[in-house]
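Colleague: curious how this folds, go ahead:
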Amino acid sequence: MRTSSISAPSSGDTRALANVRKLAVAQALAGANAAVIFATGAIVGAMLAPRLSLATLPISVYVAGLACGTLPVGALSRAYGRRVAFLIGSGCGVICGGPGALAILQGSFALFCIANLFGGFYGAAAHAYPFAAADGASASYRPKALSWVLAGGVFAGVLGPQLLQWTMDVWQPYLFAFSFCVQAAIALVAMAVLATVDAPKPAASELRGGRPLLDIVRQPRFIVAAICGVVSTAMMNLVMTSAPLAMKICGLSLSDSNFGIQWHIVAMYLPSFFTGTLIAWFGASRIVVVGLLMEAVAAVIGLSGTSAMHFWVGLVVLSVGWNFGFVGASALVMETHRPSERTKVQAFNDFLVFGVMAVGSFSSGELLANYGWATVNAAVFPPVVFGLIVLAWSGFAKRRPV
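Modeller: Here you go, the predicted model:
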């Protein structure tokens, strides 16, 4: 009985199920945008930047765009509905492609960073797709809706890197310039898909009666969930940002780098087909613990060697760990707010996650340029240990008699 109740939506989840399908497609297309940026950002940055330590700055600017875009996405969603916010976000994805290609053609590092900023705005809107899928869903189906939309990223892991393989040399000697033009076209396709999503403006009754944001985020449960989301995402990004450039420094080819990023992205989202079920069976906190431990294992693999296989396996393990940590932390966040509070709470949580992630992204380039790939991996351990301690304290506090 229990298995069937979480494996399929109830009759009241028909609208949510329809949105899940469309948003999963949009997630795949948006994920291709992110794949282009993460696979090329540090490499193009190294070609255009005045010094190597700034090579990952374009990705840091992308992540800053994620952070800066989350609160406006939440505000637009509350004022006009999620669909309008998503269409504006995908429009930013279209804008990202043109300046990105022009920056490579003209050798402009500043313009390339600006293009990545708009890519970050697009990513901020896309990050809300799983939460939009969960809107209106029953409590038992909500984790499944969230994880199934994230599973659309599996196809992004195939589409994005393959797009790079097919297009990176089209406009020789301007590596990856044509890739950004194709990325803009894919964002246009995403706009067409998002236009059909059933996500109207929230009813006035849904916007009234919510608690002040400060009261919500002061809850110990929210603090624990936010810390876990920040740690799992920031550590994944810290390693992933440097990985393509580190592979190049270690003498590996661009094809090796693209292959590693491809399977990294696939592994980020493939577990989403069953992560929601695991959360329903074992609880979100336990899944977060497994995710954080896997990120630590990925760092150990990164420290053990610099062959292509070390990079590939480490990135895959890192991805699965991120999926468990992020989806589990997101499920914990959803337990802390009421339906009328969801957009502002989710936007604030995303702002926290991406704000710290931007710092980690820039630090990744500095660590790699000045201290090497081993130091990048070693930096994963302290935050992961902190996250595990916070979760352990949370579990102890729940069991402690009043």
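
Colleague: how near is Gln183 to Ala32?
Modeller: According to Cβ to Cβ, to the nearest Å, Gln183 stands 7 Å off from Ala32. (Each C-beta comes from the backbone N, C-alpha and C, glycine too.)

Colleague: tell me which of those two has more neighbours.
Modeller: Taking neighbours as other Cβ atoms under 10 Å, Gln183 and Ala32 compare with Gln183 leading, 32 against 29.

Colleague: for the protein, give me the ranges with low pLDDT.
Modeller: Scanning the chain for pLDDT under 70 picks out 1-13, 136-140, 143, 200-209, 395-402.

Colleague: for it, what's the longest helix?
Modeller: helix 14-48 (DSSP state H).

Colleague: for that helix, which positions count as buried?
Modeller: Residues of helix 14-48 classed as buried by neighbour count (16 or more other Cβ atoms under 10 Å): 16-17, 19-20, 22-46, 48.

Colleague: ditto for stretch 355-374
Modeller: Residues of stretch 355-374 classed as buried under the neighbour-count rule (16+ other Cβ under 10 Å) are 355-358, 360-369, 373-374.

Colleague: equivalent analysis for stretch 160-172, please.
Modeller: Gly160, Pro161, Leu163, Leu164, Thr167, Met168, Asp169, Trp171.

Colleague: now stretch 212-227
Modeller: For stretch 212-227, burial by neighbour count (16+ other Cβ under 10 Å) applies to Ile216, Val217, Phe222, Val224, Ala225, Ala226, Ile227.

Colleague: the first one against Phe222, yeah?
Modeller: Yes: using Cβ atoms under 8 Å, Ile216 is in contact with Phe222, at 6.2 Å.

Colleague: overlap in contacts, those two.
Modeller: Thr336, Val345 (Cβ atoms under 8 Å, 6 or more residues apart in numbering).

Colleague: what's the following helix or strand after the strand or helix carrying Asn116?
Modeller: Using DSSP states H and E, Asn116 maps to helix 109-127. Toward the C-terminus, helix 109-127 is succeeded by helix 129-134 as the next helix or strand (DSSP H and E).

Colleague: what helices or strands is the helix or strand that that next one is followed by leaning on?
Modeller: Next along the chain after helix 129-134, taking DSSP H and E as the criterion, comes helix 142-150. Under the contact criterion of 3 or more Cβ pairs under 8 Å, 6 or more residues apart in numbering; DSSP states H and E, helix 142-150 touches helix 2-7, helix 14-48, helix 129-134, helix 272-282, helix 308-334.

Colleague: repeat that for 6 Å
Modeller: On a contact count with 3 or more Cβ pairs under 6 Å, 6 or more residues apart in numbering; DSSP states H and E, helix 142-150 meets helix 14-48, helix 129-134, helix 272-282.

Colleague: can I get these in TSV with distance to Ser307?
Modeller: Converted to TSV, the helices and strands packed on helix 142-150 look like this (distance: least, Cβ to Cβ, whole Å):
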stretch	distance to Ser307
helix 14-48	19
helix 129-134	35
helix 272-282	29
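
Colleague: select, out of the ones you listed, the one closest to Leu318.
Modeller: Nearest of the helices and strands packed on helix 142-150 to Leu318, taken as Cβ to Cβ: helix 14-48 at 12.7 Å.

Colleague: how far is the closest one from where the chain is centred?
Modeller: Relative to its chain's centre, helix 14-48 lies at 9 Å (Cα atoms, centre = their mean, to the nearest Å).

Colleague: what comes into contact with the helix or strand immediately after that helix in the chain?
Modeller: Counting by DSSP H and E, the next helix or strand C-terminal to helix 14-48 is helix 57-80. With Cβ atoms under 6 Å, 6 or more residues apart in numbering as the test, helix 57-80 has contacts from 37, 41, 45, 85, 112-113, 116-117, 119-121, 123-125, 128, 201, 241, 343-344, 347, 350-351, 354-355, 357-358, 361-362.

Colleague: buried subset of those?
Modeller: Taking 16+ other Cβ under 10 Å as the criterion, what is buried in these is 37, 41, 45, 85, 112-113, 116-117, 119-121, 123-125, 128, 241, 343-344, 347, 350-351, 354-355, 357-358, 361-362.

Colleague: any idea which residue sits dead centre in the protein?
Modeller: Nearest residue to the geometric centre of the chain (Cα atoms, centre = their mean): His127, 6.5 Å.

Colleague: nearest spatial neighbour of that one, chain-adjacent residues omitted?
Modeller: Asp350 (5.7 Å; Cβ to Cβ, 6 or more residues apart in numbering).

Colleague: ok, Phe362 next?
Modeller: Leaving aside its sequence neighbours, Phe362 sits nearest to Ser60 (Cβ to Cβ, 6+ apart; 4.0 Å).
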